[in-house]
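Chemist: Please find the sequence and the predicted model below.
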Amino acid sequence: MGEGKQGVLVVVGHQNPVTQLQAKYKELETGFKDWLAKQSLPVEAVVVTATSSLQGAAIGGLMATFTNDLSSSLPAPPPPGASFNPRAMASLQQAQALSGGPFIQARNFAVMTGVNAGISCVLKRIRGKEDVQSSMVAAFGSGAVFTLVSGMGGGGPNLAVNVVSSGVLFALMQGGLFKLGEKFSKPAVEEDVMYSKTRGMLSRLGLNSYEKNFQTGFLTDTTLPLLTDSALRDVKIPPGPRLLILDHIQREAELNNNKGKGGRRT
């Protein structure tokens, strides 16, 4: 090496393509939500309902591919005018609705998810919050409409009763799931706060895949200035990423010190 020249070791972080794709998707999702929040209530409701319906249709069509053989095993419906037990007829109609082909299931799930998302969107914009009451109202609407569209409500004088009963059942189930989700989401929110700086650092270094390592070792944001090579090694982070992380922390510390010195000058 010539005089006056110094060798420089450059360690380049390698980011998993899957992680890059997830980050890009998250960025697009955040941008879409920001744009949607600026729209009027009718526009937001229409967009949310449409996108949720498409997702529901995809799920329903996919599920139908796994249950397509069930429809062939069901008994044929009775001919018009034939006597048939009303309860048995209702059960047969429900089974046929749940075991229909891809188009039928796509339609059913599109209606169910679209109505649920649309009602939730309107209530959230009007009430300014998303709580168990709004969730249950949306579930009641989606359950009632799903019963009408899928044919599970049967027909005749019992149709209204079946529609309301299905709506109530959907609402109770959704309310229970909402409360259960609330119970388990609080620690997750606290955890997000504890690792927000860590997550940002790893993202800038292209090392998002090691976030779980930090969480496993309880290396929270408050421990960042205290990190050592041995601490990172204990949570099974390889040498290359360890060098990048420690170098980043050192640079941040030096930058903060320089800012502090500059602020004290008169």
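Modeler: Ah, there it is.

Chemist: Mind telling me what element Met152 is part of?
Modeler: In the assignment (DSSP states H and E), Met152 maps to no helix and no strand.

Chemist: Distance-wise, check it relative to Ser166.
Modeler: Taking Cβ to Cβ, to the nearest Å as the measure, Met152 falls 7 Å from Ser166. Quick note: C-beta positions are derived from backbone N, CA and C, even for glycine.

Chemist: repeat for Gly206
Modeler: Counting by Cβ to Cβ, the gap from Gly206 to Ser166 is 49 Å.

Chemist: and the two? which has more neighbours close in?
Modeler: Ser166 (21 against 17; other Cβ atoms under 10 Å).

Chemist: element containing that one?
Modeler: For Ser166, the host element (DSSP H and E) is helix 159-194.

Chemist: What mean pLDDT does that helix get?
Modeler: Averaged across helix 159-194, pLDDT comes to 78.

Chemist: what about it, distance to the chain center?
Modeler: 14 Å (Cα atoms, centre = their mean, to the nearest Å).

Chemist: how many neighbours does the closest residue to Val115 other than its chain neighbours have?
Modeler: Residue nearest to Val115 in three dimensions, not counting chain neighbours: Ser142, with 4.4 Å by Cβ to Cβ, 6 or more residues apart in numbering. Residue neighbour count, defined by other Cβ under 10 Å, stands at 27 for Ser142.

Chemist: what do you get for the one 10 residues further on?
Modeler: Counted with other Cβ under 10 Å, the neighbours of Met152 add up to 21.

Chemist: before we move on, what about the one 10 residues further on?
Modeler: Neighbouring residues of Asn162 were enumerated by other Cβ under 10 Å; the total is 19.

Chemist: That one against Met152, yeah?
Modeler: Yes - the criterion here is Cβ atoms under 8 Å, and Asn162 meets it with Met152 at 7.3 Å.

Chemist: Only alpha carbons, please: show stretch 213-232 as CSV.
Modeler: What follows is stretch 213-232, C-alpha atoms only, in CSV (Å, rounded to 0.1, in the frame of the first residue of the first chain):
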residue,chain,number,x,y,z
ASN,A,213,-33.0,-10.8,18.1
PHE,A,214,-33.2,-7.5,19.9
GLN,A,215,-36.6,-8.3,21.3
THR,A,216,-35.4,-11.8,22.4
GLY,A,217,-32.6,-10.3,24.4
PHE,A,218,-34.7,-7.4,25.7
LEU,A,219,-32.3,-4.9,24.0
THR,A,220,-34.7,-2.0,24.0
ASP,A,221,-34.2,1.6,22.9
THR,A,222,-32.8,2.5,26.3
THR,A,223,-30.0,0.0,26.0
LEU,A,224,-28.7,1.2,22.6
PRO,A,225,-26.0,3.5,24.0
LEU,A,226,-24.8,0.5,26.2
LEU,A,227,-24.6,-2.1,23.5
THR,A,228,-21.3,-4.1,23.2
ASP,A,229,-20.1,-6.7,20.8
SER,A,230,-20.6,-9.4,23.4
ALA,A,231,-24.2,-8.3,24.0
LEU,A,232,-25.0,-8.5,20.3
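
Chemist: tell me which residues in stretch 102-118 are buried?
Modeler: By neighbour count on 16 or more other Cβ atoms under 10 Å, the buried set for stretch 102-118 is 102, 104-118.

Chemist: Take these and keep only those in helices.
Modeler: Within those, residues falling in helices by DSSP state H are 102, 104-118.

Chemist: Out of those, which is nearest to Met201?
Modeler: Distance to Met201, by Cβ to Cβ, is smallest for Ala117 among those, at 35.1 Å.
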